[in-house]
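> Sequence and predicted structure, then a few things I'm wondering about:
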Amino acid sequence: MTSVEVSTESRDDDSEPGGYAAARLRLLTEKGRSGPPRRAALAELTDDWLATLFAGAAEETGVAGASLVAVGGYGRGELSPRSDLDLLLLHDGRADAGALALLADRIWYPVWDLGLALDHSVRTPAQARRTAGEHLKVQLGLLDARHLAGDLAMTSALRTAVLADWRNLAPKRLPELDELCRERAQRQGELQYLLEGDLKEARGGLRDATALRAVAASWLADAPREGLAEARRRLLDVRDALHLCTGRATDRLALQEQDAVAAELELLDADVMLRQVSESARVISYAGDVTWREVGRVLRARSARPRLSRLFGGGRTGAPERTPLAEGVVEQDGEVVLALTARPEKDPVLALRAAAAAAQAGLPISLHAVRRLAATAPPLPTPWPAEARDQLVTLLGAGESTVAVWEALEAEGLIARLLPDWERVRCRPQRNAVHTWTVDRHLVETAVRASHLTRRVHRPDLLLVAALLHDIGKGWPGDHSVVGETIARDVAARIGFGAADGAVIATLVRHHLLLIETATRRDLDDPATVRSIAQAVGSTGTLELLHALTEADALATGPAAWSSWRGSLVTDLVKRASAVLAGKPVDPEPAAITAEQERLAVEAHRIGGPVLALRARADVSDEQEPLGVELLVAVPDQPAVLPVTAGVLALHRLTVRAAELRAIELPDPVGGSVLLLDWRVAAEYGSLPQAARLRADLVRALEGSLDIEGRLAEREAAYPRRRGAQAPPPRVRVAPSASRHATVIEVRAQDAPGLLHRIGHALETAGVRVRSAHVSTLGSNAVDAFYVTDVEGAALAPQEAAEAASRLESALGAAPGPG
C-alpha cells in the first residue's frame, strides 16, 4: 500500500508552496508513471518551484550576484519520494549579510514548512572550493552541481573550477575515496548478500555507484560501463518504492516491507525483487573492484615513472614484467592476464586454467582477460577432459581467494556456460535469518570452508565439488536435497567423474543435512538413530566426506548454524556410525554421566527436590559458540518437569539455545530415578539470575504455588512485542521409524518466550511422557525433537502419536499439518 504524506500547511507567500505540494502528491500517487520518468518529473517540478522561490526572494531582498544550485543526488536529478533537497546558495560576497540571510530564509523556510528534508549551505565560490578541498563529501556533492536559478555564469564557473580541482587532486583524493568506500562496506556489509540491506550505504549500493561517477570524472580511470546504468536504475526504483510504501526517508530494505515494495514495483514476489537488488549490487560491486584496481595501477605507475626515468636516463623504461603462472597465463602488474602466445579460441580449458592460477596465486584476474575468454573460448566437450576437472578442483581448493576469481568469471557469464544449472541459484535470496549469503555465494563459501578440511578426507576433489553443488536444488521446486541429488549426479558426469564418484557426490548432496539434523534432533543412544545414518551413507569413506561437508556447510551458513557443541554432537554421531559400518554391534548403552551430573542427581534424590548448577561454558569464548551458559537441573522423576522448568526459565528472561532431557537410574545403594536436564541458556538482556532464585521459583512451580502461565501472560500483556514480518505457522509431525523404543515428535516454530513451556505442557496434557528432548534454536527458528512414550514407557501407537501431534500443533496455534 502506498503511503505518501506531504503537509500542505505553509506560510502564505507568493511562492505558493501549497500548489507545489498538491502537484508533488499527484505525481507521486499517479499510476503508470514510475522509475526515471517520475524522478525526472519530480526534479523538474521541484526545480520550477525553487526557481520561483528564488526569483521572488531575490526581488524582495534586492540581492544580486547570487544563484541557487542543486548538488548531490538532487543535482543529478535523482529525486526519490522522500529524498533530501541538497541546495547551495551561491553568492559573490558583495551582498549585505542581513539581506543574504533573508534571501536564504525565503527559500529554506517554505521547504521546511512542507516537511521536506533539506541539506543547505550559503557560500561564495571561493568558500565552496575551499570547503570542498577540506571535506571529501562536499567535493563529491559539488561534482554533480546543477544550476537552478540566478547567476548562471557564477554556477558554471564554480562547476568548471570544482572539476579542475578534482582532476588536479585526484592522486590524493581518490585513495581517500577508496578508503571511505571500504570503511562503509565494513560497517554496512554487502548489499548483494544482505537480507535487509541498505540500498544506499551497503557495498554495491547507490553510494558506490556515485563514487564510480567521481572516479570517471577524474579522468584517471573509468568503470566498466556494461550494465552499470541499469543496475543503478533498479536500485533507485526499489528505493522509490520503499519510500512510497513506508512514507519515510529510509534506505534499509527491512523484511517486513519487502512484500509491499515488490507489489509497488509490480513484481511477482519479494524474492524476485531481492534477486534484482542482488544482481544490481553485484554489477556495481564488480565494477568497483575493477575500477579501484585500475586506479591503484595508474597511481603506482605514475609514482614509479619519475624513479625509473632517473634510473634509465630519461629513456624508455621497458615493457612491464610478465611472470608465467600456467600455460597461457601470466602475472602482470598485480593481475592475472593471458600470455601473448595464448590462443583462447583454440583452448577450451584456458578459462579454468587462468582462474585456478589466479586463485592459487591470490591475484585478481584482469577484466580484459575475462572478457576475451568469454568472447572467444570454445565450450568444453562433454564429458570434460581430465585437465578441466582438475583445474576446477584447484580453483575450489584455493581458499578465500576463490571468491573474487569466481565472481569475475560469473560477471562475464563464464560460470553459467561452464555449469548451466548455476543460473537457477545465481543471486537467489535466502529469506532466513540463519543464512548470511545468497544461495550461489553460500555454495562458493562452502567450498572455501571445505578447502580447509581437505586434509581430513581421502578424496578432497569429491568434497570440494559436493560443497559447490550441495544446495544446487534450491533453484527448483520440491525438497532441494532430493532435487539436488539428481542435478549433482548429472553435473558430476558432465565434468568428467566416473559413475562411482558421481554416485558419492550425489549421496553427499542428498544427505548434506543428515548429520547435523540427526545429531541435534535425535537420541544418539538409540541404535535406530545410528543405523539410519550408516544405511544412508553406505561406506566409511562417504561418511568421512559427509562429516567434512556438514561442518563446511554450517560454517558457511552463519554463526547460528555451528558451534563447538553442535560439532561435538556430530563427531559423536559419526564415531558411532563408523562403528556400525565397520561391523561392530550397536547395543544401546546409556551415555556416561559426568561426576557433576551424578552429584546433582544424588543430591536431588536425597532432598526430594530440584538441585541445579549454573556455570559458564568453557567454550563460550569461541566465536562460533553463542550458547551462553550451561544450566544443569536434577529433579526426582515426576510429571511436568520439562514444562515447569522451561516456564521458570522464561519468567527469568532466559533464552533457551539448546536443551537435553533424560532419565537416569541411580546405582545401588542410592537407587531411584532422577530426571537430568542439561540446558544452554543466555540472558535476554542484563545479567544472569542467581542460581538460588532459580531454584526457589522451580520449587514453588513444582509444588503448584507459582502460576507460570499467568505470570507469562501478564508480562506479554504489559510488554507486547512489536509486530514484524509474519512468521510461517508452526509445524508438528511424527517422525516415522526414527526410534524403536519411543515415538519422535518434531516441532518447528518461531522462537518466542515460553515456547518450550507451552510445548511441554501440551505434551503432558496429551498424556505422554517425554523420555528425552533435543532442542535447538537457529536464528529465530526453534527446531525441536521430543522422544515420548506412554505411561508404561512404550512407544505410542500410530493413532496415539497422531493425536498427540495434533494436540500439540493446536496448542501452538496452527491447524494440524501432514506428518
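Thanks, I have the structure now.

> rest of the way, CA atoms for contacts and neighbours
Will do.

> you'd agree R233 is up against R39?
No - look at R233 against R39 with C-alpha atoms under 8 Å: they stay out of range, at 10.5 Å.

> The two: which is more packed in?
R39 (23 against 17; other C-alpha atoms under 10 Å).

> what helix or strand does the more buried one sit in?
Taking DSSP states H and E as the definition, one finds R39 inside helix 35-61.

> which element follows that helix toward the C-terminus?
Elements were assigned by DSSP H and E; along the chain past helix 35-61, the next helix or strand is strand 66-70.

> got a list of contacts for the following helix or strand past that following strand?
As assigned by DSSP H and E, the chain's next helix or strand after strand 66-70 is helix 72-75. Residues from elsewhere that reach helix 72-75, judged by C-alpha atoms under 8 Å, 6 or more residues apart in numbering: 43, 69, 79, 84-86, 140-146.

> repeat that for 10 Å
39, 43, 46-47, 69, 78-80, 83-87, 119, 137-148, 207, 210 (C-alpha atoms under 10 Å, 6 or more residues apart in numbering).

> and the next element down the chain from it?
Next along from helix 72-75, by DSSP H and E: strand 85-91.

> Could you give the number of residues near the closest residue to S539 other than its chain neighbours?
Of all residues not flanking S539 in the chain, L581 sits nearest, at 6.4 Å (C-alpha to C-alpha, 6 or more residues apart in numbering). Applying the criterion other C-alpha under 10 Å, we find 19 residues in the vicinity of L581.

> what sits against L581?
Contacts of L581 (C-alpha under 10 Å, 6+ apart): 530-531, 533-535, 537-540, 543.

> same deal with A577?
A577 neighbours (C-alpha under 10 Å, 6+ apart): 527, 529-535, 537, 539-540, 543, 571, 583-584, 586.

> what about burial for those, which qualify?
527, 529-534, 537, 539-540, 543, 571, 586 (16 or more other C-alpha atoms under 10 Å).

> Can you add pLDDT, distance to S776 and secondary structure and give those residues back as CSV?
Below are the buried ones among the contacts of A577 laid out as CSV (pLDDT from 0 to 100; distance: C-alpha to C-alpha, whole Å; DSSP: H, G, I helix; E, B strand; the rest coil):
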residue, pLDDT, distance to S776, secondary structure
P527, 87, 22, helix
T529, 90, 18, helix
V530, 93, 20, helix
R531, 92, 23, helix
S532, 93, 21, helix
I533, 95, 20, helix
A534, 95, 24, helix
V537, 96, 24, helix
S539, 95, 29, coil
T540, 94, 28, helix
L543, 97, 24, helix
T571, 95, 17, helix
V586, 68, 26, coil
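
> Just the closest of those to S156, please.
Each of those was checked against S156 using C-alpha to C-alpha; the closest is T571, at 70.3 Å.

> pretty sure the closest one contacts T520?
No - between T571 and T520 there is no contact under C-alpha atoms under 10 Å: 11.5 Å.

> so what sits against both of those two?
W565.

> What residues of the helix or strand hosting H368 count as buried?
Counting by DSSP H and E, the element that carries H368 is helix 367-376. Across helix 367-376, burial judged by 16+ other C-alpha under 10 Å covers 367, 369-371, 373-374.

> Which strands and helices lie in contact with it?
helix 270-311, strand 335-338, helix 350-361, helix 402-411, helix 414-418 (3 or more C-alpha pairs under 10 Å, 6 or more residues apart in numbering; DSSP states H and E).

> Tell me the one of the buried ones among the contacts of A577 nearest R733?
T529 (17.4 Å).

> which ones are touching the closest one?
518-519, 522-523, 573, 576-577, 737-740.

> Now with 7 Å, please.
Contacts for T529 (C-alpha atoms under 7 Å, 6 or more residues apart in numbering) come out as 522-523, 738-739.

> Where does pLDDT dip in this structure?
Flagging of the chain using pLDDT under 70 yields the residue ranges 1-18, 304-319, 586-591, 616-628, 670, 718-727, 779, 814-819.

> same thing but 50
1-15, 618-627, 814-819 (pLDDT under 50).

> so where do the helices sit in the stretch 351-500 of the chain?
In the stretch 351-500 of the chain, the helices defined using DSSP state H, counting those that start in this stretch lie at 367-376, 386-396, 402-411, 414-418, 439-451, 460-469, 480-494, 499-510.

> a markdown table please, covering these and showing distance to A95.
Output for those, formatted as a markdown table (distance: least, C-alpha to C-alpha, whole Å):
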| stretch | distance to A95 |
| --- | --- |
| helix 367-376 | 53 |
| helix 386-396 | 67 |
| helix 402-411 | 55 |
| helix 414-418 | 62 |
| helix 439-451 | 59 |
| helix 460-469 | 68 |
| helix 480-494 | 71 |
| helix 499-510 | 75 |
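
> For Y109, which of those is the nearest?
Across these, Y109 has its closest neighbour in helix 402-411 (47.6 Å, C-alpha to C-alpha).

> one step back: tell me how far the residue nearest to S539 lies from D523.
To D523, L581 is 19 Å away according to C-alpha to C-alpha, to the nearest Å.

> show me the contacts for N432.
Listed by C-alpha under 7 Å, 6+ apart, the contact set of N432 is empty.

> And for P379?
P348.

> and the end-to-end length of stretch 218-225?
From its first residue to its last, stretch 218-225 covers 16 Å (C-alpha to C-alpha).

> Outside of that stretch itself, list whatever touches it.
166-167, 170, 212, 215-216, 287-288, 291, 294-295.

> quick one: which of these is nearest to G502?
Checking those one by one against G502 (C-alpha to C-alpha), the nearest turns out to be A287, at 37.0 Å.

> Can you report how many residues lie near the closest one?
26.

> which residues does it contact?
By C-alpha under 7 Å, 6+ apart, the contact set of A287 is 223-224.

> With E331 instead?
322-325, 337.

> could you redo the last one with a cut-off of 10 Å?
321-325, 337-339, 357-358, 361, 363-366.

> Can you tell me how far it is from A357?
9 Å.

> Give me the common contacts of the two.
Taking C-alpha under 10 Å, 6+ apart as the contact rule, E331 and A357 both touch 324-325, 363-365.

> Which pair of those residues spans the longest distance?
P324 and P364 (14.9 Å).

> between the helices and strands packed on helix 367-376, which one is nearest to L675?
Shortest distance between L675 and the helices and strands packed on helix 367-376, using C-alpha to C-alpha, is found for helix 270-311: 46.0 Å.

> strands paired with the next helix or strand after the closest one, and their directions?
For helix 270-311, the following helix or strand on the C-terminal side (DSSP H and E) is strand 322-326. Sheet pairing for strand 322-326, assigned by DSSP bridges, gives strand 329-332 (antiparallel).
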